[in-house]
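Engineer: Quick check, what structure comes out for this input:
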Amino acid sequence: MHITILGAAACLGQPGQTTSFLIGNDTLLDCGTGCGSLDIEALLALRRVLLTHSHIDHCGLLPL
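Structural biologist: Have a look, this model is predicted:
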């Protein structure tokens, strides 16, 4: 299993991005601002998003 940390900070702005982990190529664990670094091909490959809880730093970019 390959896990890529896209963001793990509790704040916005450089260098921090809020919580988002890419598991394999098709699963996001949380959808904070970190997933904004994915290109369009990586976003289209996503099949599921698992949210640990509903705080904005964990689900911020989900509507997008």
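
Engineer: Now do L50 against T18, distance only.
Structural biologist: Separation of L50 from T18 (Cβ to Cβ, to the nearest Å): 16 Å. All C-beta spots, glycine's among them, are computed from the backbone N, C-alpha and C.

Engineer: count of neighbours near L29?
Structural biologist: By the criterion of other Cβ atoms under 10 Å, L29 has 17 neighbours.

Engineer: list the contacts for it?
Structural biologist: S20, F21, I23, L50, T52 (Cβ atoms under 8 Å, 6 or more residues apart in numbering).

Engineer: swap the cut-off to 7 Å and go again
Structural biologist: Shown in contact with L29 (Cβ atoms under 7 Å, 6 or more residues apart in numbering): F21, I23, L50.

Engineer: Pairing partners for it in the sheet, please.
Structural biologist: As for beta bridges, L29 partners with F21, L50 under DSSP bridges.

Engineer: gap between it and V49?
Structural biologist: The separation that L29 has from V49, given Cβ to Cβ, amounts to 8 Å.

Engineer: want to throw the contacts of L29 into a markdown table with distance to M1?
Structural biologist: Shown next, in a markdown table, are the contacts of L29 (distance: Cβ to Cβ, whole Å):
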| residue | distance to M1 |
| --- | --- |
| F21 | 11 |
| I23 | 7 |
| L50 | 14 |
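
Engineer: Can I get the buried part of these as one ChimeraX selection?
Structural biologist: A single ChimeraX command is used to select the members of the contacts of L29 judged buried by 16 or more other Cβ atoms under 10 Å:
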select :21
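
Engineer: Quick one: distance of the worst-scoring helix or strand of the chain on mean pLDDT to the chain centre.
Structural biologist: Lowest mean confidence among the helices and strands of the chain (mean pLDDT, DSSP states H and E): helix 56-59, at a mean of 78. The chain centre lies 9 Å from the centre of helix 56-59; the measure is Cα atoms, centre = their mean, to the nearest Å.

Engineer: can you list contacts of it?
Structural biologist: A10, T18, T19, D30, C31, G32, L51, T52.
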